[in-house]
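In: Okay, here's the prediction I keep looking at, along with the sequence it came from:
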Amino acid sequence: MNKQQILKNISAKLYDFDREMVKNNNACIVGIDEAGRGPLAGPVVAAAVVLDLDKSIQGVNDSKKVSPLAREKLYDRITAEARGFAVGEASVEEIDRLNILQAALLAMRRALNAVAVPWTLALVDGNQPIRGVPESRQKTVVHGDGLSASVAAASIIAKVTRDRIMKDYHTRFPMYDFLSNKGYGTALHRRRILEYGLCEHHRRSFCENFLTQTQLTL
């Protein structure tokens, strides 16, 4: 079996999962996922996607299992062919104030509220429901980005959107290498924080722990 057939089979299974959800719940589903829980810098970004389940997009999968180039191509197809989609963010200030879990759920709720097409059931990646959304209208799906086409599509939109944000930050703060690390705590990124300090896009609540630990080892 060649690579193209493997990708086709993976996408088919994800779409089958969604069609079964629609059938069993008599629902119009929207998939929700986020990107950027772990970095030292940048917002957390969520996406909500309502796919046309009658027209599969080959290659749709968990964004972590898709190459950057393939993600960009899938982003274009999803945004062009989905019945609807929206993106929501939570800022570094909100991450520091609320904690990363609550900020991620806030970004998810913002994305969901911005979807312009009708839906009746939200498939939420993970095991935490979105506060403010009726329980009857959401279902948590652990590892949903590897099970559901709608959640996988949302993971791709969220990841590409966030990567583009970090690319923009890089033009203003090239010393942190956001273009390559996307805000994650690579060795170079950590060294540059020690050298240059924090910029406006760093999460203080994340970086203060790192800086304290660093000082203890100096």
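Out: Received it, and whenever you're ready, just let me know what you need.
In: Residue ranges of each domain in the chain, please.
Out: 3-162, 170-217 (automatic domain parsing).
In: okay, those, which one's buried deepest?
Out: domain 3-162 (a mean of 20; mean count of other C-beta atoms under 10 Å). In this view, the C-beta of every residue, glycine as well, is placed from N, C-alpha and C.
In: mind giving me TSV with the domains of the chain and columns for mean pLDDT?
Out: Converted to TSV, the domains of the chain look like this (pLDDT from 0 to 100):
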stretch	mean pLDDT
domain 3-162	96
domain 170-217	90
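In: Now do the SS call for the closest residue to Leu147 other than its chain neighbours.
Out: Excluding the flanking residues, the one nearest Leu147 by C-beta to C-beta, 6 or more residues apart in numbering is Phe17, at 5.3 Å. Classification of Phe17 by DSSP: H, G, I helix; E, B strand; the rest coil places it in helix.
In: Spell out the residue ranges of the strands in this structure.
Out: Taking DSSP state E to define them, one finds strands in the chain at 29-35, 44-50, 84-90, 121-125, 138-141.
In: between those strands, which one is nearest to Met21?
Out: The closest of the strands of the chain to Met21 is strand 29-35. By C-beta to C-beta, the value is 5.6 Å.
In: Show me what the closest one is packed against.
Out: Applying 3 or more C-beta pairs under 8 Å, 6 or more residues apart in numbering; DSSP states H and E, we find strand 29-35 packed against helix 3-25, strand 44-50, helix 100-114, strand 121-125, helix 149-172.
In: ok, it: who's next to it in the sheet?
Out: strand 44-50 (antiparallel), strand 121-125 (parallel) (DSSP bridges).
In: Just list the residues touching Glu89, thanks.
Out: By C-beta atoms under 8 Å, 6 or more residues apart in numbering, Glu89 lies in contact with Pro43, Val44, Val45, Ala46, Ala107, Arg110.
In: Nearest to Thr171 among the residues you listed?
Out: Closest approach between those and Thr171, by C-beta to C-beta: Pro43, at 16.6 Å.
In: dump the residue contacts of the closest one.
Out: Residues near Pro43 by C-beta under 8 Å, 6+ apart: Gly36, Glu89, Ala90, Ser91, Val92, Ile95, Ala107, Arg162, Ile165.
In: Kindly report the same for Val50.
Out: Val50 touches Cys28, Ile29, Val30, Gly31, Ala82, Arg83, Gly84, Phe85, Val115, Val117, Trp119, Ser150, counting by C-beta under 8 Å, 6+ apart.
In: try Glu20
Out: Contacts of Glu20 (C-beta under 8 Å, 6+ apart): none.
In: Look up how far Gly144 lies from it.
Out: 14 Å (C-beta to C-beta, to the nearest Å).
In: what's the answer for Ser91, then?
Out: Relative to Gly144, and taking C-beta to C-beta, Ser91 is found at 25 Å.
In: same thing with Phe173?
Out: Counting by C-beta to C-beta, the gap from Phe173 to Gly144 is 33 Å.
In: picking that back up, out of the strands of the chain, nearest to Ile100?
Out: Among those, strand 44-50 sits nearest to Ile100 (C-beta to C-beta), with 6.7 Å.
In: by how many degrees do the closest one and helix 149-172 diverge?
Out: Here the directions of strand 44-50 and helix 149-172 differ by 140 degrees (axes from the mean of the first three to the mean of the last three C-alpha atoms, to 10 degrees).
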